[in-house]
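> for reference, the sequence and a predicted model appear below.
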Amino acid sequence: MVRVIIIARPPNFEQIIKVFPDADKPGVLFAFNDSIYNPSGVTIPHALLAHEGIHLIRQRTGETAESWWGKYLTDAEFRYREELLAHVAEYKAQLHGLDRNYKAKLLQATAMRLIAPLYNYVPPRTLSAALRDLRQELNR
């Protein structure tokens, strides 16, 4: 799925940074077209590759990467839904061999990342709503 991981900013970074001021922090990744952009050159865990892979798939589903990013940057509901799907994939990628208690902790941590300030949701999302939405998506 991922053709290449590029240690650089994505082509639309100037648009991204206007909406997400924290996007230039170390470890922030970007999916664009068929590549993952890793500006800080960090090692990317398998779970985050799964997360970014969902964004790459979604960018090819009936639209271009440019049009997907246009919606992602301007529509908080679209952004939340896209992040929900990506965070579900990230969660699932970490489940192998975990006991029930650790899975519950992992779900909580995933929900916290889903509502992180980085995503600049307006209005902000709550932890309880994120947990509910993650559970619903996992039960599909």
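Alright, I've got the coordinates. Numbers count the residues shown, from 1 in each chain.

> give me the distance between Ser67 and Glu52.
The gap separating Ser67 from Glu52 is 18 Å, by C-beta to C-beta, to the nearest Å. Yep, even glycine has a C-beta here, placed from its N, CA and C like the rest.

> neighbour count: those two, which is higher?
Between Ser67 and Glu52, counting by other C-beta atoms under 10 Å, Glu52 is the more crowded of the two (25 against 11).

> could you look up the SS state of the more buried one?
When classified by DSSP: H, G, I helix; E, B strand; the rest coil, Glu52 comes out as helix.

> do Tyr102 as well
Going by three-state DSSP: Tyr102 is helix.

> now do the strands in this protein.
4-6, 30-32, 35-37 (DSSP state E).

> Lys18 is nearest to which of those strands?
Among the strands of the chain, strand 30-32 comes nearest to Lys18, with 14.2 Å by C-beta to C-beta.

> about what we covered before: reformat the strands of the chain as TSV; add distance to Ala130 and mean neighbour count.
Listed next are those as TSV, based on distance: least, C-beta to C-beta, whole Å; neighbours: other C-beta atoms under 10 Å:
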stretch	distance to Ala130	mean neighbour count
strand 4-6	28	12
strand 30-32	21	23
strand 35-37	24	21
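
> dump the ones you listed to CSV, plus distance to Ile57.
Putting these into CSV (distance: least, C-beta to C-beta, whole Å) gives the following:
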stretch, distance to Ile57
strand 4-6, 16
strand 30-32, 9
strand 35-37, 12
